[in-house]
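> have a look at this prediction, sequence included:
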Amino acid sequence: MTPADADADHLEHLPFFVYGTLRPGERNHTAHLAGRITSHTPARLPDTALYDGPGYPYAVETPTAGPVHGDLITPHPAAYASVRTALDHLEEYTPGARHNLYERVSREVHCADGTRRRAWVYVAGERLAERLRTRGVLLPGGRWPPEAEEAGAGGAGLRPAPPAPHTP
């Protein structure tokens, strides 16, 4: 990607692929996205591994890994700039900075309806990604929270149902 491409991507109004606390039903969705998006749809991000973190996950670009399960969200056009700014701040991302915790990158995601869309995704910055690859806790099913994988749930915030009571 050339610097001109990076500048164009920075200004492009792409939807966002979210896979952790920004998913519908999770705490940061309510704080940063509720009432500010026009749509959300289940989607998958290929070639990416998901690692468990301290209350939130990290996506690490890894060829042939994945997919990571999440949602494609589209901010309302009037709220787009403020949503992008809020998410950049939440993810500790500054365009062009050398030591971002996350990097905002444009990637193709696969939507549940079979379409493919280009979207912004926050992935672990390279220093963090290297540390996760050697010492991180991989979530092999590509779902967060880990309980969502155990329950076979497709969406964030879903927990397994309690067992039915046993009656004699």
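Alright, I've got the coordinates. Residues are numbered from 1 along each chain as shown.
> would you confirm that residue 62 contacts residue 49?
Yes: shown here, residue 62 and residue 49 form a contact pair, counting by Cβ atoms under 8 Å, at 4.3 Å. Yep, even glycine has a C-beta here, placed from its N, CA and C like the rest.
> higher neighbour count, these two?
Counted by other Cβ atoms under 10 Å, residue 62 and residue 49 do not tie: residue 49 has more neighbours, with 24 against 17.
> show me the strands in this protein, by range?
Along the chain, counting by DSSP state E, strands occupy 16-18, 37-45, 48-52, 57-61, 68-75, 102-111, 116-124, 137-138.
> now the ones you listed as a markdown table including distance to residue 88?
Shown next, in a markdown table, are these (distance: least, Cβ to Cβ, whole Å):
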| stretch | distance to residue 88 |
| --- | --- |
| strand 16-18 | 11 |
| strand 37-45 | 16 |
| strand 48-52 | 19 |
| strand 57-61 | 16 |
| strand 68-75 | 13 |
| strand 102-111 | 7 |
| strand 116-124 | 9 |
| strand 137-138 | 26 |
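> and residue 33, its phi and psi?
Reported as degrees, to the nearest 10, the phi and psi values for residue 33 are phi -120, psi -20.
> how about the contacts made by it?
Going by Cβ atoms under 8 Å, 6 or more residues apart in numbering, residue 33 touches 22, 73, 75, 83.
> partners of the second one in the sheet?
Read that as residue 73. Note on residue 73: beta-bridge partners by DSSP bridges are residue 16, residue 40.
> okay, it and residue 89: tell me how far apart.
17 Å (Cβ to Cβ, to the nearest Å).
> more neighbours, the two?
Taking neighbours as other Cβ under 10 Å, residue 73 and residue 89 compare with residue 73 leading, 25 against 11.
> test my guess that that one contacts residue 36.
No: taking contacts as Cβ under 8 Å, residue 73 lies outside contact range of residue 36: 9.3 Å.
> so where is this structure shaky, pLDDT-wise?
1-11, 147-168 (pLDDT under 70).
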